[in-house]
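[1] I'd like to go over a predicted model; first the sequence, then the structure.
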Amino acid sequence: MTLSKMNKKTTRLNKKFERMKLFLYILPFMILLFIFSYYPLYGWIYAFFDYRPPLALKDCDFVGLQWFKSMVDSPVKVQQLLGILRNTFVMSGLGILTSWLPMVFAIFLAECRSSKFQKIVQTFTTTPNFISWVLVYFMAYSIFSSSGAMNNILMNLGLITEPIQFLEQESGTWLSMWAWNTWKGLGWSAIMYLAALGGIDQGLYEAARVDGAGRFKIIWHITIPGLLPTYFVLLLLSIANFLNNGMEQYFLFQNAFNSDHIQVLDLYVYNLAMKSGSYSLATAISILKTFVSVILLFSVNRFSKAVRGESIV
Amino acid sequence: MKKGTFLKKAGILALVAMLAMTGCGSDSSNEGKKSSDKSELLTLDFFSGPGNYMGKQEGWYGDLIKEKFNIELNIIAPNVAGGGKTLYQTRSAAGDLGDIVVVSKDDMRDCVQANLVQDISSYIPNSKYLKNFDLAIDALKGYLDTDKVYGIPTQCSTETASTPYFYGIEPEDAPYLRFDIFSEIGAPELKTYEDLLDALKKMQEKYPTTESGAKTYGFSFFKDWDGGYMKMANCLVNQLGYNMDNTGFYLKNGDGTKSVEVIDKSGAYYRALEILFTANQMGLVDPDSSSQTWDDYTAKVKNGSVLYAPWPWASITHFNTHEKENQGIGFAFVPVEECKYWTNGHNPYGTDGNVVGVGSKCDDVDRVMEFLDWYASPENTTCYEGCMGPKGVLWDTVDGKPTPTEEGKKYLAQLSEYETPSQLGSGNFVKGYIQTSTIIQQTGSPNPETGEPYNYDFWSSIIEENRTKLDENWTARYGVNNPKEYLLNNELIELSPGAMLDIPKEPSDIATTRASVQESLINASWKMVFASDRDEFDKIWDDMVKEMKGLGYDKCLEWDKGNLEIFKNAKMEALKTDK
């Protein structure tokens, strides 16, 4: 055996080791992923049983597709389900339509000359993200309830004689929910863009300035294109979460008057399944949700491929 | 760097991840040793479905059972843990609820099937106190469909089933008004609920704001307790002589002989909504009602901005103090002629529908049963909330009647501030009561030693001695000593005798259908009360009926029909046993 042959062999071995090493690096995370994302799919089995704790699953009756059928077995139920899907789509849609807001906010923030002012604004807009929804609702209640600050001010000014029921209004539910959500998340979502801003080549800016571009021209031709990849990744992620628009916010803000417009899928599952203790029905609805989410994700991915020539998944 | 360390590191990382995972599932229950030796301290996990306290039983009662049985109680309460029945479900799924288990009768059925509780039949015949409750125990056997004893119903009364149960001297479901203001407007006679609304309007005009400047309202309610119906409407249903408990969408009278559907326009539920709607039109309803919680509500009662309440424990308990009552200020029952107040009879089969059993993983059943037997004794019953503790300290018998001692009088003056006297232990007295919210013998039923109920609110010595100006004013207006007398003399109660209701377990498909139908009912009820005019009121009702039918109302009603029949028969049976 020549020396070079031996060398080649060691390199090959080395490469194998290298690959093994890399694999071992990600192994723990694959295990975690499996445990938290794939193993729970086993729980889908509950959708086909009449599961009632504390009985073990084996003691419960197998009911086949009963729960899936019961979701749509009367026109009123179908109508209700459609209404809930409408709410989910509208509220997620509003979020997605305005998902460029944090980007614009980040750009303007970065353009601020005074770094002190910039820091203050950033701190104040990021803080709401860390306030739980329960406290946010408490704030909303103390400001907007019929004996809250807003009504007191309006009444003292003599603008109204009877308190306005801000929280009990059916109209404007979608918009007010979106507004609360944006207020809470805007500063936080801007952080990602602020980081991406730092990654744009400073040379481009200098060149643009030399060429005589103004501030808005620079933003339009350099900053925004530089941020767009980040924007698209975040957009895709949020579309994958289209149906998961959470339930805490809606759960807290719901009441008998706005329920027709505030019930989103997650809240519906909670209201229906947790109140009657039917985990099986809840599971059945969640399965449907998963399917719809996967379909949405792939169609957006295809769309992105067609428009930008790049796909994510 | 060497490859070996890399591999090692990666391996360790993976291992740690795995361990962290398995750690989640491992059961870290402390295995108690099997022994009947009393010299060893025994800590019992007391799972209490109705409990409102979590942790070790402290205070004088804790000292008492430690001294008597060398037992400590570790109370586990799903109510405190929050999340509804989550704690019950997770613990039962893990197969161990606790050593002593208190759950509803309904859940007990599942617990027996899932082998979470054990058979204690052999202990009952030799027991000293438990065997006195054989009527309840046997009925529960029938309910659980077994010939073994798995549990003992709680809050069993020793009175007959047709003896009406009062909250002290007051009915549980009835109108309570601020009697001082009601007197100021002349304490008019109230024929119908509309008269009551008129009176409330006058009271509100007389007293538009509280001392602190808050606006006053006749009605204030909250959504926390909306279960199968809008709670406030249900309160009025109860005052109109009907009730919806156990019979789903049927409203029925005391013995189940009269019944009406909830969506019937001639029924009490519609009438209740009508009353609340009218009240709102008159400006009597607190606009915060739909968004506030029970806590906000009681705060408002306390500061005087609510003039009406449907329960004594929501009004008198929170607003009245001895001082105020002596000035003639406070809530008091006011009769409305149209009403017939739903009043439950004493229930020898258990009042709150809960059952106490012994967990299947309990090791020292002998000691637990010895303790549970004593738990049913009069001595233990005196340690429950609303009583005065062991005889001889806060109370004693004088001429055969229970009477507070000097210490007892001190307690009555200080109540929640009262410190435990040294004979009993130390710390706050009220916090030292039994904290499990579970008692086998109901405190409203008579103590065989004294002939009067355990609860001191019922004691003749206290009722006579504690009369305040408010009571005198009330008597001057209505001519009798107290509401109980008034209601009984005028036959104004709708009595529902105590009975064991053998309601079968609802199939899950009906339960889920019911949940959505109920939600539709609740949402529409709120909208109706706050409707802008009569047309809107009726339109929401019509839409609601349509929606409820579409969601499967009839399917639920079919099921409820069976329960109504069971209800009727059980009440009849109870009356027969009484005689």
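    Nice, thanks for sending it over. Numbers count the residues shown, from 1 in each chain, chains lettered A, B, ... in the order given.

[2] quick one: residues contacting residue 78.
    Defaulting to chain A. By Cβ atoms under 8 Å, 6 or more residues apart in numbering or on different chains, the contact list for A:Val78 reads A:Val72. For every residue, glycine as well, the C-beta is placed using N, CA and C.

[3] actually it's chain B I care about, not the one you picked
    Going by Cβ under 8 Å, 6+ apart, the list of residues near B:Pro78 reads B:49, B:51, B:84-88.

[4] which among the residues you listed end up buried?
    B:49, B:51, B:85, B:87-88 (16 or more other Cβ atoms under 10 Å in any protein chain shown).

[5] from the contacts of B:Pro78, which land in helices?
    B:86-88 (DSSP state H).

[6] so which of these also contact chain A?
    When Cβ under 8 Å from any Cβ of the partner chain is applied, the members of those adjacent to chain A are B:Tyr88.

[7] and which of the ones in helices among the contacts of B:Pro78 is nearest chain A?
    B:Tyr88 (7.8 Å; Cβ to the nearest Cβ).

[8] with distance to A:Leu272 added, can I get the buried ones among the contacts of B:Pro78 in CSV?
    Below are the buried ones among the contacts of B:Pro78 laid out as CSV (distance: Cβ to Cβ, whole Å):
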residue, distance to A:Leu272
B:Gly49, 23
B:Gly51, 28
B:Lys85, 16
B:Leu87, 21
B:Tyr88, 20
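
[9] JSON lines for the residues you listed, including pLDDT and distance to A:Leu252?
    As requested, these are exported to JSON lines (pLDDT from 0 to 100; distance: Cβ to Cβ, whole Å):
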{"residue": "B:Gly49", "pLDDT": "91", "distance to A:Leu252": "27"}
{"residue": "B:Gly51", "pLDDT": "89", "distance to A:Leu252": "26"}
{"residue": "B:Lys85", "pLDDT": "76", "distance to A:Leu252": "21"}
{"residue": "B:Leu87", "pLDDT": "86", "distance to A:Leu252": "22"}
{"residue": "B:Tyr88", "pLDDT": "88", "distance to A:Leu252": "24"}
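
[10] three-state assignment of the residue in the stretch 101-250 of chain A positioned nearest to chain B?
    Nearest residue of the stretch 101-250 of chain A to chain B, counting by Cβ to the nearest Cβ: A:Ser146, 3.8 Å away. When classified by DSSP: H, G, I helix; E, B strand; the rest coil, A:Ser146 comes out as coil.

[11] what's B:Asp533 in contact with, if anything?
    No contacts exist for B:Asp533 under Cβ under 8 Å, 6+ apart.

[12] strands along chain A, start to end?
    Taking DSSP state E as the criterion, chain A carries no strands.

[13] now do the stretch 401-550 of chain B
    In the stretch 401-550 of chain B, the segments counted as strands under DSSP state E, counting those that start in this stretch are B:401-404, B:493-496.

[14] export those strands to JSON lines and tack on distance to A:Pro225?
    What follows is the strands of the stretch 401-550 of chain B, written out as JSON lines (distance: least, Cβ to Cβ, whole Å):
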{"stretch": "strand B:401-404", "distance to A:Pro225": "85"}
{"stretch": "strand B:493-496", "distance to A:Pro225": "76"}
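
[15] where does chain A dip in pLDDT?
    A:1-3, A:273-276, A:312-313 (pLDDT under 70).
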